[in-house]
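Asks: Could you look at this predicted model? Sequence included:
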Amino acid sequence: MIIQENLSDGLQLSIAKSCQALEVSRCGYYKWTCQQHSDPFSKDNDVDLRNEIQDIVLEFPGYGYRRVTAELRNRGYVVNRKRVLRLMREDNLLCLKKKFKPVTTDSSHGLPVYPNLLKGVQISGPNQVWAADITYVQLMHEHVYLAVIIDLYSRKCIGWDLSRNMGSHLTMNALDMALKNRWTESLQGLIHHSDQGVQYASKDYADCLRKHNIKISMSRKGNPYDNAFAESFIKTLKVEEVYLNEYETFGDASRNIRHFIEKVYNEKRLHSALGYKSPEQFEMEAALNTVA
């Protein structure tokens, strides 16, 4: 950044006029000059940057890390998004505001509704109960829908799909993935549990379940506890992945969600109900104990 410039008549522009010509603030210029003589990644510099980030978040509580980064640059800081995201995450300053909540369950339909088969069921192994649910994910300029299927024994996400609309293909794609990952001819008594939404009550979805000899179970209308495990997974996904990021595009959301589900949640994330094991570790140890 060059603030003073030699003119043809030997005069120099003042700092104030130079800042005005370059469309930068004087405050930003002085901060920039200080940064040139210090380590930009030093702890002392982090303290100054953290304070500035806190001031921005207090002034603009709806800002995520991308907008905070842009505002920092307006104020003269030379900083990248990754560093701002790290500092905001460490200081619990990420915006968790939900812009709106689209309705994902349409149970006002004339399709068959099935009874709740989970009452009294004792789950002792994988592929006894699969729980399915739908949620939405907010992008920068649109929202998309996510369908998931969870094995209630290990809490593992065995099927999922992300789509711009909430048609029956969304849930069918998640079911197809679950079937490819888990279904075998030897499975007996498997229950598929969901809400009474039109996607799960549709003829194609029900026919696919019956074709694979899977029993159909549905929550009671308006009861938030019948599908609690699938909803718990969605809450974890939202808090630990979705709310910490600002997805600009559908591809951005899909890549991040895939990584979280398949590489973080299923493989690494410790679950208190599983004795602080990941879903895959829990299933592997259960399989070894069965063989033994």
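Replies: The structure has been received and is ready for your questions.
Asks: Give me the most central residue, this protein.
Replies: Centroid check for the chain by C-alpha atoms, centre = their mean gives V242 as the closest residue, at 2.3 Å.
Asks: just the helices in this protein please.
Replies: 15-22, 26-35, 43-59, 65-74, 81-90, 168-182, 198-201, 203-211, 228-240, 250-259, 279-291 (DSSP state H).
Asks: quick one: the third one to helix 65-74, angle?
Replies: Orientation note: helix 43-59 sits at an angle of 110 degrees relative to helix 65-74 (axes from the mean of the first three to the mean of the last three C-alpha atoms, to 10 degrees).
Asks: Tell me what angle helix 43-59 forms with helix 81-90.
Replies: Using the same axes, to 10 degrees: helix 43-59 against helix 81-90 is 70 degrees.
Asks: CA atoms only: put helix 43-59 into PDB for me.
Replies: This file holds the C-alpha atoms of helix 43-59, laid out as PDB (Å, rounded to 0.1, in the frame of the first residue of the first chain):
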ATOM      1  CA  LYS A  43      -0.600 -14.200  19.700                       C
ATOM      2  CA  ASP A  44      -0.400 -10.400  20.400                       C
ATOM      3  CA  ASN A  45      -1.800  -9.700  16.900                       C
ATOM      4  CA  ASP A  46      -4.500 -12.400  17.500                       C
ATOM      5  CA  VAL A  47      -5.700 -10.400  20.600                       C
ATOM      6  CA  ASP A  48      -6.100  -7.300  18.600                       C
ATOM      7  CA  LEU A  49      -7.900  -9.200  15.900                       C
ATOM      8  CA  ARG A  50     -10.200 -11.000  18.300                       C
ATOM      9  CA  ASN A  51     -11.200  -7.600  19.800                       C
ATOM     10  CA  GLU A  52     -12.000  -6.200  16.400                       C
ATOM     11  CA  ILE A  53     -14.000  -9.300  15.500                       C
ATOM     12  CA  GLN A  54     -16.000  -9.000  18.800                       C
ATOM     13  CA  ASP A  55     -16.700  -5.300  18.000                       C
ATOM     14  CA  ILE A  56     -18.000  -6.300  14.500                       C
ATOM     15  CA  VAL A  57     -20.200  -9.100  15.800                       C
ATOM     16  CA  LEU A  58     -21.700  -6.800  18.500                       C
ATOM     17  CA  GLU A  59     -22.500  -4.300  15.800                       C
END
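Asks: on that earlier part again, go ahead and confirm the residue nearest to the centre of the chain touches V137.
Replies: Yes. Taking contacts as C-beta atoms under 8 Å, V242 lies within contact range of V137: 5.7 Å. Yep, even glycine has a C-beta here, placed from its N, CA and C like the rest.
Asks: which residues do these two both contact?
Replies: I257 (C-beta atoms under 8 Å, 6 or more residues apart in numbering).
Asks: Domain-wise, how is the chain divided?
Replies: For the chain, automatic domain parsing gives the domain ranges 15-90, 129-291.
Asks: mean pLDDT for those domains: which is lowest?
Replies: When the domains of the chain are compared by mean pLDDT, domain 15-90 comes last with a mean of 75.
Asks: Could you measure from G110 over to L209?
Replies: 19 Å (C-beta to C-beta, to the nearest Å).
Asks: who's more crowded, these two?
Replies: Shown here are G110 and L209; by other C-beta atoms under 10 Å, L209 has more neighbours (21 against 7).
Asks: give the contact list for that one.
Replies: Listed by C-beta under 8 Å, 6+ apart, the contact partners of L209 are L175, H192, K215, I216.
Asks: do the same with A132
Replies: The contact partners of A132, taken as C-beta under 8 Å, 6+ apart, are A147, V148, I149, I150, T171, A174, L175, H192, H193, S194, Y200, A230.
Asks: which residues touch the fifth one?
Replies: Right, T171. Listed by C-beta under 8 Å, 6+ apart, the contact set of T171 reads A132, I134, A147, D161, Q199, Y200, Y205.
Asks: Next: the first one.
Replies: Taking C-beta under 8 Å, 6+ apart as the criterion, A147 is in contact with A132, D133, I134, W160, D161, S163, L170, T171, N173, A174, Q199.
Asks: Please repeat the previous calculation with a cut-off of 7 Å.
Replies: Neighbouring residues of A147 by C-beta atoms under 7 Å, 6 or more residues apart in numbering: A132, I134, W160, D161, L170, T171, A174.
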